[in-house]
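S.K.: A structural model of the following input is requested.
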Amino acid sequence: MVWGLRPRQPANAMCVHVAKRRGLKNFSLLVSHVLVPPAIAAILESPGNKVQAFLLAGHVCSVMGYWEYPPIAEKFQVPLV
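M.R.: Now for the predicted structure:
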């Protein structure tokens, strides 16, 4: 996976490219590319944090992998399941 790109981004970019090439005038995308690991880290870094563990989204991990999560679990000593 290219750093910074999520699985849907290349497909969405290709849709825009094809729509422009075909001259489509009535075309739009509503995208919600989100990064979960930075959000988890932000929660764990907050001063009033009382989170003891996270239950991760399996469907996301099956697509993007889980490689970003072990460093967070180690740094904050919080289980990420």
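S.K.: for stretch 27-34, which positions count as buried?
M.R.: Under the neighbour-count criterion of 16 or more other CB atoms under 10 Å, stretch 27-34 has nothing buried. Placement of C-beta: from N, CA and C, glycine included.
S.K.: got the end-to-end distance for it?
M.R.: Start-to-end span of stretch 27-34 (CA to CA, to the nearest Å) is 22 Å.
S.K.: chain center to that stretch, what's the gap?
M.R.: Distance of stretch 27-34 from the chain centroid (CA atoms, centre = their mean, to the nearest Å) equals 14 Å.
S.K.: and the most centrally placed residue in the chain, how far from residue 41?
M.R.: Nearest to the mean C-alpha position of the chain, by CA atoms, centre = their mean, lies residue 35 at 3.0 Å. Residue 35 is 10 Å from residue 41, where distance means CB to CB, to the nearest Å.
S.K.: before we move on, what about residue 28?
M.R.: Residue 28 is 32 Å from residue 41, by CB to CB.
S.K.: now do residue 76
M.R.: Taking CB to CB, one finds residue 76 at 8 Å from residue 41.
S.K.: per-residue confidence for residue 17?
M.R.: Listed pLDDT for residue 17 reads 92.
S.K.: same question for residue 40.
M.R.: Per-residue confidence (pLDDT) for residue 40: 94.
S.K.: for it, what are its contacts?
M.R.: 54, 69, 72, 80 (CB atoms under 8 Å, 6 or more residues apart in numbering).
S.K.: residues near the nearest residue to the second one once chain neighbours are set aside, how many?
M.R.: In this structure, residue 69 finds its nearest non-sequential neighbour in residue 80, 4.8 Å apart by CB to CB, 6 or more residues apart in numbering. By the criterion of other CB atoms under 10 Å, residue 80 has 19 neighbours.
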